[in-house]
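K.L.:
Let me see the structure of the following:
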Amino acid sequence: MTARPDPARRVAVVTLGCARNEVDSEELAGRLAAGGYEFVEDADAADAVLVNTCGFIESAKKDSVDAILAAADSGARVVAVGCLAERYGSELAGALPEATVLGFDDYAAIGDRLDDVLTGRSLAPHDPRDRRTLLPISPVARTAAVTAPDAPAIPGHGWVQRRRLASGPSAALKLASGCDRRCAFCAIPAFRGSFVSRPPAEVLDEARWLASQGVTELVLVSENSTSYGKDAGDLRSLERLLPQLAAVEGVVRVRVAYLQPAELRPGLLEVIATTPGVAPYFDLSFQHASPSLLRRMRRFGGTEDFLALIERARALAPAAGLRTNVILGFPGETEDDVAELERFLVEGRLDAVGVFGYSDEEGTEAVGLPGKLDGAEIDARVRRITDLVEELIAQRAEDRVGERVEVLLTEDASAEAGAGTWVGHAAHQDPDADGTTTVTAVPDAAVPGQLVAAEVVSTEGVDLVAAAFVPAVAR
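P.N.:
This is a model prediction of the structure:
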């Protein structure tokens, strides 16, 4: 008979931020489960609450702090991990005595650390450091250093079996950690470290494990997926890996997130656009469209370059999905820069756009740049571009009426919307961020995670309504 977990070792996990953090949480959960911890959803029923924080921008930091304080109200012991905890360490611990703050180097022994917390042993928080200095500068030498006995902890590497915390047929799969780019506004490389790819065999093993857990769609994530394999001296690694992932038994769709426009090589673009089982989906980190402002951001390109890239993608896959994020109010941004961004957004006809206002991030080049904009002006520009984006992406959805789509079913909505009605997402829709597709006339035998071919018949904002073809797609 399997021993029941100790009633004083019940843990709830709260995850803030991006899909990379979701993977980290599930890896931590795998380690905790192996150590005998029981998982509960409600913090009020937990002995400990693990809060996996985000430290990307000011609003994300506030959300993380609020989540820590809310967890403390439950009466459970609170442990903060993740980017905010790694980035601020002892400073965060001093500001939030309600929580024990752990860094990435504690991940491998997370069960022991939680045992310490629950038994009242005091843990000294770490002093933050620039994690880019922990590995060699040379990308190839960096790969070798990752396997050294004293290598720093790199979330998402040295894979151990995850414990899924979310249900549903889509799951994130981490390709790499860290980033070698030096965008003027971004502090992520300092606390996530240099870019390190996971070995292809390790990624494939985890994909097979996810498929065994009922996952049929893999979402490949990293800080910069277009750099995959660079540190191993092989920039074509992702081109070779994608068909292998699409061939994993049980997997019906693979999509790639977090692509850098300046690094999207023609060969990779073609593989994403044309490989069966790979979504023709381009999550491109444009950030702006004004060439002069992008140079201040330490980025490349501009409207004409980006429109040409979009045109190449659509030439190979006319129904390709395209999404991006943009920043308003970067130091020195002029009205002409904003107008140039508007021109790009109108001509680019993107499916989804995230709009963010600039905020100073300590340790970044942008903090010291002249030309800072007033907060009220930044907010006004965010509202202006957000209003434009909402109109444009709704129009882009309407353009898809009459188009054939393959929808990954996620939820049976028959009880609310009538027999044979399901909700899911098409190839151009990220499962978490880009709207949904409601499908009618779905066969009775349909199950979550199945692909169904359908024709778009109407829209509701960015969401689509489609009628299924029979029989459903089989792959």
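
K.L.:
hey, let's count contacts and neighbours off CA atoms from now on
P.N.:
OK.

K.L.:
And the lengthiest helix in the chain, how far out from the chain middle?
P.N.:
When every helix of the chain is counted residue by residue (DSSP state H), the longest turns out to be helix 375-399. Mean-position distance between helix 375-399 and its chain equals 22 Å (C-alpha atoms, centre = their mean, to the nearest Å).

K.L.:
Just the mean pLDDT for stretch 416-426, thanks.
P.N.:
Averaging pLDDT along stretch 416-426 gives 94.

K.L.:
Check which residues of it are buried.
P.N.:
Within stretch 416-426, the residues scored as buried using 16 or more other C-alpha atoms under 10 Å are 420, 421, 422, 423, 424, 425, 426.

K.L.:
lowest average confidence, helix or strand, in this protein?
P.N.:
Taking mean pLDDT, DSSP states H and E as the measure, the chain has helix 139-146 as its least confident helix or strand, at a mean of 87.

K.L.:
Run the chain-centre distance for it.
P.N.:
Worked out by C-alpha atoms, centre = their mean, helix 139-146 lies 25 Å from the chain centre.

K.L.:
So what's the gap between the following helix or strand past it and the chain middle?
P.N.:
Using DSSP states H and E, the helix or strand that directly follows helix 139-146 along the chain is strand 170-174. Distance of strand 170-174 from the chain centroid (C-alpha atoms, centre = their mean) equals 9 Å.

K.L.:
and strand 170-174, C-alpha only, in PDB?
P.N.:
Coordinates of each C-alpha in strand 170-174 appear next as PDB, following Å, rounded to 0.1, in the frame of the first residue of the first chain:
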ATOM      1  CA  SER A 170      -2.000  22.100 -24.700                       C
ATOM      2  CA  ALA A 171       1.300  22.400 -22.700                       C
ATOM      3  CA  ALA A 172       4.400  24.500 -22.900                       C
ATOM      4  CA  LEU A 173       7.700  22.800 -23.600                       C
ATOM      5  CA  LYS A 174      10.900  24.800 -22.800                       C
END
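
K.L.:
packing partners for that strand?
P.N.:
helix 19-34, helix 200-212, strand 217-221 (3 or more C-alpha pairs under 8 Å, 6 or more residues apart in numbering; DSSP states H and E).

K.L.:
and stretch 47-60, what's its mean pLDDT?
P.N.:
pLDDT averaged over stretch 47-60 gives 91.

K.L.:
Need the CA coordinates for it. CSV is fine.
P.N.:
Coordinates of each C-alpha in stretch 47-60 appear next as CSV, following Å, rounded to 0.1, in the frame of the first residue of the first chain:
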residue,chain,number,x,y,z
ASP,A,47,0.6,24.0,4.8
ALA,A,48,2.9,25.8,2.3
VAL,A,49,2.2,28.0,-0.7
LEU,A,50,4.9,28.2,-3.4
VAL,A,51,4.5,31.5,-5.3
ASN,A,52,6.4,31.4,-8.6
THR,A,53,6.9,35.1,-9.3
CYS,A,54,7.4,37.3,-12.4
GLY,A,55,9.9,40.2,-12.4
PHE,A,56,9.6,41.4,-16.0
ILE,A,57,8.0,44.9,-15.7
GLU,A,58,6.5,47.0,-12.9
SER,A,59,3.0,45.8,-13.2
ALA,A,60,4.1,42.1,-13.1
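
K.L.:
Report the distance from that stretch to the chain centre.
P.N.:
Using C-alpha atoms, centre = their mean, the offset of stretch 47-60 from its chain centre is 15 Å.

K.L.:
quick revisit: just put the buried residues of stretch 416-426 in TSV and tack on secondary structure and distance to residue 195.
P.N.:
Shown next, in TSV, are the buried residues of stretch 416-426 (DSSP: H, G, I helix; E, B strand; the rest coil; distance: C-alpha to C-alpha, whole Å):
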residue	secondary structure	distance to residue 195
420	coil	46
421	coil	43
422	strand	40
423	strand	36
424	strand	33
425	strand	31
426	coil	31
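
K.L.:
Which members of the residues you listed are the farthest-apart pair?
P.N.:
Using C-alpha to C-alpha, the pair of the buried residues of stretch 416-426 lying farthest apart is 420 and 426, separated by 17.3 Å.

K.L.:
circling back: outside of the longest helix of the chain itself, list whatever touches it.
P.N.:
Contacts with helix 375-399, where a contact means C-alpha atoms under 8 Å, 6 or more residues apart in numbering, come from 328-329, 342, 345-346, 349-353, 355-358, 458-464.

K.L.:
repeat that with 7 Å
P.N.:
For helix 375-399, the surrounding residues in contact (C-alpha atoms under 7 Å, 6 or more residues apart in numbering) are 328-329, 346, 349-353, 355-357, 459, 461-462, 464.

K.L.:
Could I have the ChimeraX command that selects the buried members from those residues?
P.N.:
To isolate the buried ones among these in ChimeraX, judged by 16+ other C-alpha under 10 Å, type:
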select :328,329,349,350,351,352,353,355,356,357,459,462,464
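
K.L.:
Understood, closing this out.
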